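Visitor: please find the sequence and the predicted model below.
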Amino acid sequence: MKLYATLAAAALLLGACTAQESYKNAVSCAEVTVGMTQEQVRHLMGEPTGDDATSSGHTWSYLFGSATDTQPIRVMFDASGKVTGKECAPEASGKERPTGN
């Protein structure tokens, strides 16, 4: 019985961490601007959860949402490592914290 209580508590904390990280990613995404370097974005947002490399550059992904409903935040870089664009999740304005479903 103790094990189940511990697992339930851990699941609740994991959801809270996800919501907190999502909020940080949303705020940070709003601050990313075209022309920033990969190092500037890494300093602002941390390590990406995904990195898709192509011949024309990279696309970094960050999570936004809860443990059961996630949407990616994407930052696109050209071959020289400068931001060319971003795709923040629709709710990723940083004005409202996502729920920890």
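Guide: Here it is on my side, so go on. Numbers count the residues shown, from 1 in each chain.
Visitor: could you list the low-pLDDT ranges of this structure?
Guide: Along the chain, segments meeting pLDDT under 70 span 1-20, 66-70, 89-101.
Visitor: repeat that for 80
Guide: 1-23, 26, 63-72, 89-101 (pLDDT under 80).
Visitor: now do the helices in it.
Guide: Assigned by DSSP state H, the chain shows helices spanning 2-31, 38-45.
Visitor: now do the buried residues in the shortest one.
Guide: Think helix 38-45. Buried positions in helix 38-45, judged by neighbour count with 16 or more other CB atoms under 10 Å: 38, 40-41, 45. C-beta coordinates here come from the backbone N, C-alpha and C atoms, glycine included.
Visitor: quick check, nearest of these to S28?
Guide: Nearest to S28 among the buried residues of helix 38-45: M45, at 4.4 Å, using CB to CB.
Visitor: apart from its neighbours in sequence, what residue is nearest the closest one?
Guide: S28 (4.4 Å; CB to CB, 6 or more residues apart in numbering).
Visitor: spit out the contact partners of G57.
Guide: G57 is in contact with 76-79, 81, 84, counting by CB atoms under 8 Å, 6 or more residues apart in numbering.
Visitor: redo those as TSV? Include distance to H58 and neighbour count.
Guide: Converted to TSV, the contacts of G57 look like this (distance: CB to CB, whole Å; neighbours: other CB atoms under 10 Å):
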residue	distance to H58	neighbour count
M76	8	18
F77	5	21
D78	9	13
A79	9	11
G81	8	14
T84	10	15
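Visitor: mind checking which of those land in strands?
Guide: Judged by DSSP state E, strands contain the following of those: 76-78, 84.
Visitor: widest-spaced pair of those?
Guide: The largest separation in the ones in strands among the contacts of G57, counting by CB to CB, is between M76 and D78 at 7.9 Å.
Visitor: what do those two both touch?
Guide: Contact criterion CB under 8 Å, 6+ apart; residues shared by M76 and D78: 57, 84.
Visitor: need the phi and psi values for the closest residue to K82 other than its chain neighbours.
Guide: With sequence-adjacent residues excluded and distances taken as CB to CB, 6+ apart, K82 is closest to G35, at 5.6 Å. Taking degrees, to the nearest 10, you get phi 100, psi -10 for the backbone angles of G35.
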